[in-house]
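Novice: here is a sequence together with a model predicted from it:
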Amino acid sequence: MVVGFCVGEISLTELTFISDKMPQVGEYVTVDYDGKKVLGMVENLVRGNDALNIDLHDVDAIQTIARIGGNDYYIKGKVKLLGDVNDNLRLPRTPALPGTPIKLADKEILNEVFKVKNPIKLGTLVNQRDIEVNVEGNPILNRHLAILAMTGAGKSNTVAVLMDQLLGYNVPIFVFDMHGEYRDADFPNGSVNVIQPKINPTYMTFSEIKKLVNIPNNAFIQERHFRYAFNKARKEINEGTEHTYKFLEAMYDILAVRSQDDGSDKQIVDVMNKIDDAKDRYNNLFDNNKGNILTSIKVGHVNVLDLSQTDESVSEVLVSHILRNALQRRKNAVHGNSDDKLEHPVFFVVEEAHILAPNKRDSQSKYWIQRIAREGRKFGLGLCLVSQSPKTVDHDALSQMNNMIILRLVEPEDQRHVQSASESLSKDLINQLPSLNVGEAIVLGLMSKVPTLVKIDEFKGRRTGGDLDIIGDLATFNQSEEEEIESQERESLDLGYDY
């Protein structure tokens with residue numbers, strides 16, 4: 001079906017058309033010329049009337065013209081050209097002629113476009129619900145992914161749909177679950193493996209522990225005392241000798257003995273005070289009986305690190321420790337130069353990425369997220385950043401996400417931050433973000449041959465999260481209170497009290 005005709009100057013990447021029919025933004029069209037069939041996407045539409053132009057200021061005249069020629073309007077649109085469907089979607093070397101007709105893309109063409117290797121089914125086209133949208137699995141796992149949306153736009157449902165599809169390929173998924181959304185989830189294609197947020201300190205490096213205790217890099221004397229306590233505590237715990245309790249307590253006791261021997265050296269006391277403070281902050285983090293967290297990962301499962309009961313500082317420690325270990329062990333596995341290996345790839349999902357990789361604050365978790373974003377693909381470590389506040393996610397990490405699923409975003413600063421991190425997100429597509437309905441998303445990147453407006457499938461399993469029924473909960477609460485008061489009054493009457 002012809003929906004319009006090319007007008008004006010036409011480039012190799014976009015064209016303008018005029019029509020008397022109303023297509024929809026996000027619809028795919030084809031332009032046939034010079035033996036090519038070029039696929040394009042409608043990215044912008046305006047409607048106008050030559051008689052009712054902007055220079056007309058007489059209200060009565062406007063009403064008269066609208067009454068007489070109100071249907072005499074035109075539609076003007078912009079199409080982003082995506083490539084020749086007969087040449088693997090390569091862009092043509094010559095532009096179309098003005099006056100060339102533009103047609104709606106056939107169903108057969110679209111089905112061919114969304115036919116990919118290792119398909120991950122996200123949903124259907126927003127404008128054509130009979131066309132399934134499949135993206136390719138390997139680019140997601142190798143080249144990373146960002147899922148971005150404002151609150152309530154369908155972000156958690158999208159994450160769950162994606163993870164369930166990846167489980168179909170036996171992918172080991174590791175979720176840093178900040179709000180406990182997935183610990184009790186039920187996935188049709190796999191199971192959940194809940195991992196407790198505990199670290200055996202013997203698997204931590206000296207610099208990690210030093211960072212926790214807040215020993216500055218330029219405090220050389222404190223660092224020397226701290227290193228002495230660290231090495232001795234680790235040796236004693238490994239040997240199962242005197243200190244079999246918590247690591248920081250062991251270090252504190254070792255320094256207490258050293259302080260007595262050295263006449264209460266002020267630097268030793270300062271380190272002891274810092275360890276004492278760290279014991280309060282990280283009291284529940286360490287467990288000498290735990291193995292390396294990475295050994296708890298189950299292939300073909302959603303491995304959930306439940307961080308819902310930990311504070312932000314503990315979460316940062318856990319994330320940085322796990323990512324550092326994963327990168328080092330995958331390097332060992334790939335290069336074969338150590339027995340300390342992680343034998344299989346892992347796909348990390350970082351919920352609340354704006355907390356763990358903040359844009360304007362340094363942290364260890366942010367540093368290791370950046371490292372995985374830059375180096376992980378070489379060693380089979382994939383990364384998915386999920387956030388409801390894109391503007392506060394670290395720009396460097398976000399720019400390494402070669403795939404994006406962007407649901408509704410209204411705030412202009414969020415939109416600008418996302419566009420600056422993605423070279424394939426045009427201004428016209430950005431302008432569509434506020435008008436997306438719940439569960440609708442723009443999908444783009446290496447996982448998809450073309451930018452796509454998708455209605456994300458509804459997750460068929462079970463998960464927690466989402467909006468609470470606050471009014472219903474309060475109604476139940478009030479009813480329970482009234483019943484309690486009535487019960488107390490009955491008891492007082494039975495006991496003969498008179499109020």
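Specialist: That came in fine, so what should we check first?

Novice: pretty sure residue 195 contacts residue 307?
Specialist: No - with contact taken as CB atoms under 8 Å, residue 195 and residue 307 are classed as non-touching, separated by 10.3 Å. No exception for glycine: its C-beta is placed from N, CA and C like everyone else's.

Novice: these two: which is more packed in?
Specialist: Taking residue 195 and residue 307 together and counting by other CB atoms under 10 Å, residue 307 has the greater number of neighbours (24 against 21).

Novice: hang on, that one packs against residue 197?
Specialist: Yes - taking contact to mean CB under 8 Å, the distance of 5.9 Å between residue 307 and residue 197 places them in contact.

Novice: shared neighbours, these two?
Specialist: Contact criterion CB atoms under 8 Å, 6 or more residues apart in numbering; residues shared by residue 307 and residue 197: 314, 315, 318.

Novice: touching stretch 187-197 from outside, list them.
Specialist: Contact partners of stretch 187-197, identified using CB under 8 Å, 6+ apart, comprise 160, 163-165, 167-168, 182-186, 285, 290, 293, 296-298, 300-307, 309-310, 314-315, 318, 460-461.

Novice: wait, stretch 284-293
Specialist: When contacts are taken as CB under 8 Å, 6+ apart, the neighbours of stretch 284-293 outside the stretch itself are 195-203, 237, 244-248, 305, 310, 314, 317-318, 321-322, 325.

Novice: in ChimeraX, select just the buried ones from those.
Specialist: Buried residues within these, by 16 or more other CB atoms under 10 Å, are selected in ChimeraX with:
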select :195,197,199,200,201,237,246,247,248,305,310,314,317,318,321,322,325
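
Novice: which SSE is the residue positioned nearest the centre of the chain in?
Specialist: The residue lying closest to the centre of the chain (CA atoms, centre = their mean) is residue 386, at 1.7 Å. Using DSSP states H and E, residue 386 maps to strand 381-387.

Novice: next helix or strand past that strand?
Specialist: Later in the chain than strand 381-387, the nearest helix or strand by DSSP H and E is helix 395-399.

Novice: now the element after that following helix, going C-ward?
Specialist: Using DSSP H and E, the next helix or strand after helix 395-399 towards the C-terminus is strand 403-406.

Novice: which helices and strands does that next one pack with?
Specialist: When contacts are defined as 3 or more CB pairs under 8 Å, 6 or more residues apart in numbering; DSSP states H and E, strand 403-406 sits against helix 137-143, strand 145-148, strand 440-445.

Novice: and those, which is most packed in?
Specialist: Neighbour counts averaged per stretch over these are highest for strand 145-148, at a mean of 28; criterion: mean count of other CB atoms under 10 Å.

Novice: same for that one, what does it pack against?
Specialist: Using 3+ CB pairs under 8 Å, 6+ apart as the contact criterion, the neighbours of strand 145-148 among helices and strands are helix 155-167, strand 381-387, strand 403-406, helix 412-421.

Novice: can I get those in JSON lines with mean pLDDT and distance to residue 111?
Specialist: Formatted as JSON lines, the helices and strands packed on strand 145-148 follow (pLDDT from 0 to 100; distance: least, CB to CB, whole Å):
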{"stretch": "helix 155-167", "mean pLDDT": "96", "distance to residue 111": "19"}
{"stretch": "strand 381-387", "mean pLDDT": "97", "distance to residue 111": "27"}
{"stretch": "strand 403-406", "mean pLDDT": "96", "distance to residue 111": "21"}
{"stretch": "helix 412-421", "mean pLDDT": "92", "distance to residue 111": "29"}
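
Novice: distance to residue 44 added to the ones you listed, as TSV?
Specialist: As requested, those are arranged in TSV below (distance: least, CB to CB, whole Å):
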stretch	distance to residue 44
helix 155-167	25
strand 381-387	27
strand 403-406	17
helix 412-421	15
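
Novice: that concludes my questions; thank you for your assistance.
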